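A.B. asks: sequence plus predicted model, see below.
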Amino acid sequence: MNALRLNVAGLLKEQSGAARDYTVQVAPEELAGMLEDARPAAPLEGDLRLMRAPRSIFVRGQLGTDVNIECSRCLAEVETPVELELEAEYFPQIDISSGAPLPAPDDDLAFTIDGNHELDLSEIVRQSLLLALPMHALCAEACRGLCPDCGANLNQGLCTCEPEPADERLTPLRALLQGRTGS
Ligand SMILES: [Zn+2]
Ligand SMILES: [Zn+2]
């Protein structure tokens, strides 16, 4: 994840309030491990601003990419844009001027800047991607999904399965049969 590791030695030496802007571009291959079931369809790109705070560095910015994800009804691949809003705070483990180790941040979940003054965005990007991925992607609002009996894609035409009987009198019997096969 080299594209997501930023050397912030210069910014650490500056006064609180100093800022640096970075343009980030991560190749699709590098994203693949961060996307669970989705597949990257474009690089992850965007602009970040890093700001020096008295004890830390704030990261803020927007990144965007496109991913291929399965339609939750018919399983066809759908290309979906994904936008990430990043906001995180990183604490140096080493004092930049003296080289002395610094106390760990109070918050166990806070991010740290390693001894080489590198700030690694992989984890915040991974977490933000998972939150930004659509839970129920649809190829189209009117997607008809798959036939539950034969698995045919009903967007491509009707299958030959019998439609479900709508006869109310059969409902208790069907429930009974389903109960038996389920046990
Ligand atoms: Zn679909
Ligand atoms: Zn069918």
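C.D. replies: Structure's in. What do you need? Ligands and ions are numbered 1, 2, ... in the order given.
A.B. asks: where does the protein have low pLDDT?
C.D. replies: Scanning the chain for pLDDT under 70 picks out the ranges 1, 163-171, 173-174, 178-183.
A.B. asks: check which helix or strand the most centrally placed residue in it maps to.
C.D. replies: Geometric centre of the chain, nearest residue: Leu129, 1.5 Å, by Cα atoms, centre = their mean. For Leu129, the host element (DSSP states H and E) is helix 122-132.
A.B. asks: which strands or helices does that helix pack on?
C.D. replies: strand 57-70, strand 77-92 (3 or more Cβ pairs under 8 Å, 6 or more residues apart in numbering; DSSP states H and E). No exception for glycine: its C-beta is placed from N, CA and C like everyone else's.
A.B. asks: all helices of the protein, in order?
C.D. replies: With DSSP state H, the ranges of helices along the chain come out as 9-12, 28-31, 122-132, 171-182.
A.B. asks: does ligand 1 have contacts with stretch 118-138?
C.D. replies: No - Stretch 118-138 does not reach ligand 1 (Cβ under 5 Å from the ion); its nearest approach is 5.8 Å.
A.B. asks: buried sites along that stretch?
C.D. replies: For stretch 118-138, burial by neighbour count (16 or more other Cβ atoms under 10 Å) applies to 119-122, 124-126, 128-129, 132-133, 137-138.
A.B. asks: and that stretch, how far out from the chain middle?
C.D. replies: 2 Å (Cα atoms, centre = their mean, to the nearest Å).
A.B. asks: Throw the helices and strands packed on helix 122-132 into CSV and include distance to ligand 1 and mean neighbour count, thanks.
C.D. replies: Converted to CSV, those look like this (distance: least, Cβ to the ion, whole Å; neighbours: other Cβ atoms under 10 Å):
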stretch, distance to ligand 1, mean neighbour count
strand 57-70, 9, 19
strand 77-92, 7, 17
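A.B. asks: of the ones you listed, which is nearest ligand 2?
C.D. replies: strand 57-70 (19.6 Å; Cβ to the ion).
A.B. asks: which helices and strands does the closest one pack with?
C.D. replies: Taking 3+ Cβ pairs under 8 Å, 6+ apart as the contact cut, strand 57-70 packs with strand 19-26, strand 39-40, strand 44-52, strand 77-92, helix 122-132.
A.B. asks: repeat that for 6 Å
C.D. replies: Here strand 57-70 touches strand 44-52, strand 77-92, going by 3 or more Cβ pairs under 6 Å, 6 or more residues apart in numbering; DSSP states H and E.
A.B. asks: and the shortest one, which strands flank it?
C.D. replies: The one in question is strand 44-52. strand 19-26 (antiparallel), strand 57-70 (antiparallel) (DSSP bridges).
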